[in-house]
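Colleague: From the sequence below, what's the structure:
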Amino acid sequence: MLKALSVISLALLLGACAGDGPPRPDAGASQGNPKSTDITGPADARTRAMLHTDLGVGYFTRGQMQIALDELNTSIRLDPSYEPAYNAMGLVYMNLGEDANATWYFEKGLRLTPDDSETNNNYGWFLCQKGKYQEAINHFYVALKNPLYQHPETAYANIGICSARKGDLVMATDYLERSMQVRPEFPIALLNLADIAYREARYTDARAYLGRLQLQGPLDAQALWLGVRVERMRQDRSAMDSYALQLRNRFPASKEAEMLRNGQF
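Modeller: You can find the predicted model right below:
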């Protein structure tokens with residue numbers, strides 16, 4: 001399946017050693033890396049925890065993972081019951097590929113707030129990446145139960161993506177379309193609907209979805225590679241060459257460009 005969505009919305013944007021039990025709250029900090037210093041000013045621990053979580057998520061989105069961990073560790077030390085900090089920790093460790101830590105922090109967050117939509121969505125996506133499709137989908141359903149959830153299109157799209165990965169293309173199409181009912185022309189949904197259409201040999205439909213996706217902005221390497229394959233099957237050499245040229249020029253180091261060079265259609 002093509003690109004999926006791991007959302008970092010939280011309210012503001014929003015390791016474990018084998019056999020040693022759960023990770024300590026300071027598991028991400030290490031000597032020689034910058035340490036977070038507690039924010040002075042607000043006396044309330046929850047307010048300070050929120051501020052450090054804000055900082056941690058900001059560093060995470062900029063790719064500064066160690067500093068993000070330091071800030072989030074500080075947040076947890078200040079207020080061990082502040083669930084968004086555990087959600088953010090799970091996201092950082094998920095992106096670092098440290099599955100045991102990611103699992104521990106997501107599950108700790110859900111023990112604190114079982115119905116939290118953001119954590120259920122993010123943990124669901126983590127599980128989907130690990131091939132635990134039905135368990136993941138169950139978490140997306142929990143995320144959608146909250147009528148105030150700000151990003152239902154994300155959970156709908158993630159249900160669609162995980163359904164496709166487990167081979168249920170009918171359910172996948174249904175939920176991707178539901179996603180676009182909430183957010184019309186949602187790029188992630190369009191890309192994955194195009195991929196499903198390609199897999200079902202509905203090449204004209206796949207081309208139409210890619211055309212709509214292109215109206216949202218420049219296509220990434222995955223979408224361009226899908227376009228190459230769609231137009232190859234449609235036997236439209238001109239359109240195929242156009243997608244291929246963009247892929248080679250804009251993303252020469254991508255795995256999609258390598259597959260193009262090797263003829264791995």
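Colleague: From now on I want contacts and neighbour counts done on CA atoms only, so please keep to that.
Modeller: Fine.
Colleague: which element is the nearest residue in space to Arg237 that is not next to it in sequence on?
Modeller: Nearest non-adjacent residue to Arg237, counting by Cα to Cα, 6 or more residues apart in numbering: Glu231, 7.0 Å away. Following DSSP states H and E, one finds Glu231 within helix 221-234.
Colleague: Ser75 too?
Modeller: Assigned by DSSP H and E, Ser75 belongs to helix 65-78.
Colleague: CA atoms of that helix as PDB?
Modeller: What follows is helix 65-78, C-alpha atoms only, in PDB (Å, rounded to 0.1, in the frame of the first residue of the first chain):
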ATOM      1  CA  MET A  65      14.700  13.600  18.400                       C
ATOM      2  CA  GLN A  66      17.000  13.600  21.500                       C
ATOM      3  CA  ILE A  67      16.000  17.100  22.500                       C
ATOM      4  CA  ALA A  68      12.300  16.200  22.000                       C
ATOM      5  CA  LEU A  69      12.800  13.200  24.300                       C
ATOM      6  CA  ASP A  70      14.500  15.400  26.900                       C
ATOM      7  CA  GLU A  71      11.600  17.900  26.900                       C
ATOM      8  CA  LEU A  72       9.000  15.100  27.000                       C
ATOM      9  CA  ASN A  73      10.800  13.400  29.900                       C
ATOM     10  CA  THR A  74      10.700  16.700  31.800                       C
ATOM     11  CA  SER A  75       7.000  16.900  31.100                       C
ATOM     12  CA  ILE A  76       6.400  13.500  32.500                       C
ATOM     13  CA  ARG A  77       8.600  14.200  35.600                       C
ATOM     14  CA  LEU A  78       6.600  17.300  36.300                       C
END
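Colleague: who's in contact with the residue nearest to Arg237?
Modeller: Glu231 makes contact with 203, 207, 237, 239-240, according to Cα atoms under 8 Å, 6 or more residues apart in numbering.
Colleague: Closest one of those residues to Tyr105?
Modeller: For those, the residue nearest Tyr105 by Cα to Cα is Arg207; the value is 41.0 Å.
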